[in-house]
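In: What follows is a predicted protein model with its sequence.
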Amino acid sequence: MLKRHFITRSEKETIFFAEKMALEFRGEEIVLLTGGLGAGKTVFAKGIALGLGLENINQVCSPSYTILNVYKAKYDIYHFDFYRLNRAETEDLGWEDHIGSGVILMEWAEKINYKGRAIRIKIEIGEKEERIFEIES
């Protein structure tokens with residue numbers, strides 16, 4: 001497993017970083033995002049969507065209340081947010097049914113127990129607007 005670190009210093013840099021990462025996607029990636037409130041998980045999701053050709057990234061928002069948003073781009077994007085759920089509730093959602101159907105972006109991924117192939121991204125808040133990314137793929 002490859003582990004890398006990356007730092008961005010603005011929301012714009014975070015979007016650009018995620019966009020560049022998504023340009024290499026093949027349409028079956030699972031991206032597991034972890035980090036505290038305000039760490040930048042949704043901003044990162046916007047960058048992934050941009051890299052996958054979503055025309056209006058402003059439609060990308062945290063699906064905290066709906067649990068899932070679906071965006072149509074080069075590949076379907078399934079954007080999950082488990083913030084409001086506990087670990088037991090996430091087990092019965094059936095999110096795994098989407099594996100292989102498009103790109104899965106999952107916020108608050110620490111609330112699931114997924115051991116399969118995925119890009120795991122931990123985001124921490126640094127100084128000022130700085131975000132520190134630990135990426136395992």
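Out: Received, thanks. Residues are numbered from 1 along each chain as shown.
In: And for Val31, the neighbour number?
Out: When neighbours are counted by other Cβ atoms under 10 Å, Val31 registers 26. (Each C-beta comes from the backbone N, C-alpha and C, glycine too.)
In: Run the chain-centre distance for the helix or strand encompassing it.
Out: Assigned by DSSP states H and E, Val31 falls within strand 30-34. Relative to its parent chain, strand 30-34 has a centroid offset of 5 Å by Cα atoms, centre = their mean, to the nearest Å.
In: Tell me how far Glu127 lies from Asn69.
Out: Going from Glu127 to Asn69 by Cβ to Cβ, to the nearest Å gives 31 Å.
In: More neighbours: which of those two?
Out: Looking at Glu127 and Asn69 with other Cβ under 10 Å, you find the greater number of neighbours at Asn69, namely 18 against 7.
In: right, and Phe17 touches Phe6 too?
Out: Yes: assessed by Cβ atoms under 8 Å, Phe17 is found in contact with Phe6 at 6.4 Å.
In: Mind listing the shared neighbours of the two?
Out: Common neighbours of Phe17 and Phe6, counting by Cβ atoms under 8 Å, 6 or more residues apart in numbering, are Phe133.
In: Which one's more surrounded, the two?
Out: Shown here are Phe17 and Phe6; by other Cβ under 10 Å, Phe17 has more neighbours (20 against 14).
In: Okay, and Ala39 sits in which element?
Out: Per DSSP H and E, Ala39 falls between elements, in no helix or strand.
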